[in-house]
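Engineer: Predicted model, plus sequence, below.
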Amino acid sequence: MRRREGGSSLSELSEEWATSARVSTASPAPVARPCPPRLALASNDRRQKGDRLSRDVWDKVREFRAADEARAQGLYPYFRAFERNDGPEAVVDGRQVIMFGSNNYLGLTTHPKVREAASDAIRSLGTSMTGSRFVNGTTQLHHDLEERLADFYGREAALVFTTGYQVNLAVCSALLRDGDVALIDRGVHASTYDGVRLAMAHGARMVRFGHNSAESLDMHLSRLEEGDEGALVIIDGVFSAEGEIAKLDELLSIVRQHGARIMVDDAHGLGMVGPAGKGTAHHHGLGAEVDLIGGTFSKSLASVGGYLVGERAVIDYIRHHAASFMFAASGAPSTVAAAMAALEVMQEEGWRVDSLRENADYMIRELVSLGFEVGPTQTAIVPIYIRDDARTLAVWRELFEEHAIYTNPFVSFSVSPGHSLIRTSYMATHERAHLDRGLEALAIVGKKYGLI
Ligand code: PMP
């Protein structure tokens, strides 16, 4: 990555982050650079201080001004303290808001059965296992949840992780090494990029293919046929900023033609799409075909943690080879119990998945008819594209401060420059009155900022 002189302003930093953390442009990708972009930050030219060579790794810290600049302008939206965040309404910084910015898609974080399961687990097993799954952090609850997840997906085996982030680190670092290639959709989550970077340290290569493009994937896989590299394709099932569902049917057929393997990170797909909320693979009728499905408990399942399901031998291999699984403390019993209860409630109370879908359809329809650009979303993640960082932050502030609507601004820290957006997301438990109040506010702010 090109070094920029003179410190990191908001826009400069944005560009750096977008390149190194996550890139979601739709254009076909060339074969990626052989080293992770962020490593370029440590190049020697940054250390040249006048005539002296600075060895101080704190230099970059002193040059980081983006957050202070945004704070000074009253535009800093991050790390707000929530006093309550348990449903369609929340209290943030003392302000009661309508929540259009949560991943509590099914509204289960306060469900009595989920609360009770977490409390019971604390009462019987304490607050933490203080050790890794591998040696002293596994409980029967962990095993039970693995069994339930394998059953739910109709697959041989499952593995429960401490976070979803660690799932992607684990898959890539355990399965890919010298002679292997990770082919990732350009728009995958930062955790997959980090996982691939770990694999690159073992000699694997990274190739980014065009977003949701079977044609681009085919082209890149065809190029590999000259050699004998192993290939793992990794995609998100539902893209976390865009709300778009992966074209898994098209991609899978290309994967099979080339004898590659595929993993779907369905962090946002579970509860959101597919029959009974089973996710992206089932949405496409391909539940039994996808090699690995990963996910998180931190969204529809109202907890914290991650999971992976697939063939028993592959799951067992990862269990014994992935550092992010083996050498991190296990998920606390309460988080595992909460996820298990939420999975049960999701199946018992099918209306939640239906209601989430109705709310999503309503908001997409209304926002489009107001004239907002929402992109190709088909889910309860509905982005409002603004495409300019400063304007996005201003819209975010106005919605929050003037209209008590809480949304999430995605500027170039998390999306590529020119793709900034306000991410709105909905819950099964939003009532029509919440949605309509939000639409009214969005219409006022949208007109004021020239979005509609
Ligand atoms: N994958 C995707 C697509 C995500 O959006 C996230 C979290 N936002 C993760 C993985 C990581 O999951 P977790 O929060 O459980 O670490």
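Structural biologist: Yep, that arrived.
Engineer: any weak-confidence spans in the stretch 1-150 of the chain?
Structural biologist: Judged by pLDDT under 70, the stretch 1-150 of the chain has its weakly predicted residues at 1-51.
Engineer: in it, what residue is nearest the ligand?
Structural biologist: Asn103 (7.1 Å; CB to the nearest ligand atom). Every C-beta, even on glycine, is put in place using the N, C-alpha and C of the backbone.
Engineer: residues from the protein in reach of the ligand?
Structural biologist: For the chain, the contact set with the ligand under CB under 6 Å from any ligand atom comprises 163-165, 189, 191, 236, 240, 265, 267-268, 296, 298, 306.
Engineer: Helices of the stretch 351-452 of the chain, residue ranges please.
Structural biologist: Secondary structure of the stretch 351-452 of the chain (DSSP state H, counting those that start in this stretch): helices at 351-370, 389-403, 432-448.
Engineer: circling back to that earlier point, which of the residues of the chain next to the ligand sit farthest apart?
Structural biologist: Pairwise distances across the residues of the chain next to the ligand peak at 16.0 Å for Thr163 and Asp236 (criterion: CB to CB).
Engineer: higher neighbour count, these two?
Structural biologist: Taking other CB atoms under 10 Å, Thr163 and Asp236 do not tie; Asp236 has more neighbours (27 against 19).
Engineer: got the contact list for that one?
Structural biologist: 185, 187-189, 192, 246, 264-268 (CB atoms under 8 Å, 6 or more residues apart in numbering).
Engineer: Which ones among these map onto strands?
Structural biologist: Using DSSP state E, 185, 264-265 are the members of these that sit in strands.
Engineer: Residue in the stretch 301-450 of the chain with the shortest distance to the ligand?
Structural biologist: Proximity of the stretch 301-450 of the chain to the ligand (CB to the nearest ligand atom) peaks at Gly306, 4.9 Å away.
Engineer: Bridged to that residue, which residues?
Structural biologist: Gly306 forms beta bridges with Phe161, Thr296, as assigned by DSSP bridges.
Engineer: Name all residues that make contact with it.
Structural biologist: Residues near Gly306 by CB under 8 Å, 6+ apart: 160-167, 294-297.
Engineer: got TSV for these, with pLDDT too?
Structural biologist: TSV is the format used below for the contacts of Gly306 (pLDDT from 0 to 100):
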residue	pLDDT
Val160	98
Phe161	98
Thr162	98
Thr163	98
Gly164	98
Tyr165	98
Gln166	98
Val167	98
Gly294	98
Gly295	98
Thr296	98
Phe297	98
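Engineer: Among these, which one has the most neighbours?
Structural biologist: Neighbour count (other CB under 10 Å) singles out Val167 as the most crowded of the contacts of Gly306, with 31 neighbours.
Engineer: show me what contacts that residue?
Structural biologist: Neighbours of Val167 in contact, by CB under 8 Å, 6+ apart: 161, 191, 265, 294-296, 306-308.
Engineer: could these be laid out in CSV, adding distance to Arg148?
Structural biologist: Output for these, formatted as CSV (distance: CB to CB, whole Å):
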residue, distance to Arg148
Phe161, 15
Ser191, 24
Asp265, 20
Gly294, 16
Gly295, 13
Thr296, 16
Gly306, 15
Tyr307, 10
Leu308, 14
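Engineer: Please name the nearest non-neighbouring residue to the closest residue to the ligand within the chain.
Structural biologist: Nearest residue of the chain to the ligand, counting by CB to the nearest ligand atom: Gly164, 2.5 Å away. Nearest residue to Gly164, sequence neighbours excluded (CB to CB, 6 or more residues apart in numbering): Thr296, at 3.0 Å.
Engineer: before we move on, what about Arg423?
Structural biologist: In space, Arg423 is closest to Asn408, 4.4 Å off (CB to CB, 6+ apart).
Engineer: give me the number of residues near the one you found?
Structural biologist: 20.
Engineer: who's in contact with it?
Structural biologist: Contacts of Asn408 by CB under 8 Å, 6+ apart are 77, 101, 396, 422-425.
Engineer: now, which of those lie within strands?
Structural biologist: The strands, defined by DSSP E, take in 422-425 from the contacts of Asn408.
Engineer: Any chance of those in JSON lines with pLDDT and neighbour count as columns?
Structural biologist: JSON lines is the format used below for the ones in strands among the contacts of Asn408 (pLDDT from 0 to 100; neighbours: other CB atoms under 10 Å):
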{"residue": "Ile422", "pLDDT": "98", "neighbour count": "28"}
{"residue": "Arg423", "pLDDT": "98", "neighbour count": "21"}
{"residue": "Thr424", "pLDDT": "98", "neighbour count": "26"}
{"residue": "Ser425", "pLDDT": "98", "neighbour count": "27"}
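Engineer: Strands along the stretch 201-350 of the chain, start to end?
Structural biologist: Remark: strands assigned in the stretch 201-350 of the chain by DSSP state E, counting those that start in this stretch are 205-209, 230-236, 261-265, 292-296, 306-310.
Engineer: Name the residues of the longest one that come out as buried.
Structural biologist: When you say that, I think you mean strand 230-236. For strand 230-236, the neighbour count (16 or more other CB atoms under 10 Å) marks 230-236 as buried.
Engineer: can the residues you listed go into a markdown table with extra columns for pLDDT and distance to Ala174?
Structural biologist: Shown next, in a markdown table, are the buried residues of strand 230-236 (pLDDT from 0 to 100; distance: CB to CB, whole Å):
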| residue | pLDDT | distance to Ala174 |
| --- | --- | --- |
| Gly230 | 96 | 13 |
| Ala231 | 98 | 16 |
| Leu232 | 98 | 11 |
| Val233 | 98 | 16 |
| Ile234 | 98 | 13 |
| Ile235 | 98 | 19 |
| Asp236 | 98 | 20 |
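Engineer: Looking at those, which is nearest Gly203?
Structural biologist: Gly230 (11.8 Å).
Engineer: Who are the contact partners of the closest residue to the closest one other than its chain neighbours?
Structural biologist: Distances taken as CB to CB, 6+ apart place Asp180 nearest to Gly230, at 4.3 Å, with adjacent residues excluded. By CB under 8 Å, 6+ apart, the residues touching Asp180 are 199, 204-205, 229-232.
Engineer: so the residue of the stretch 1-150 of the chain closest to the ligand makes contact with His268?
Structural biologist: Yes. Counting by CB atoms under 8 Å, His268 is a contact partner of Asn103 at 7.4 Å.
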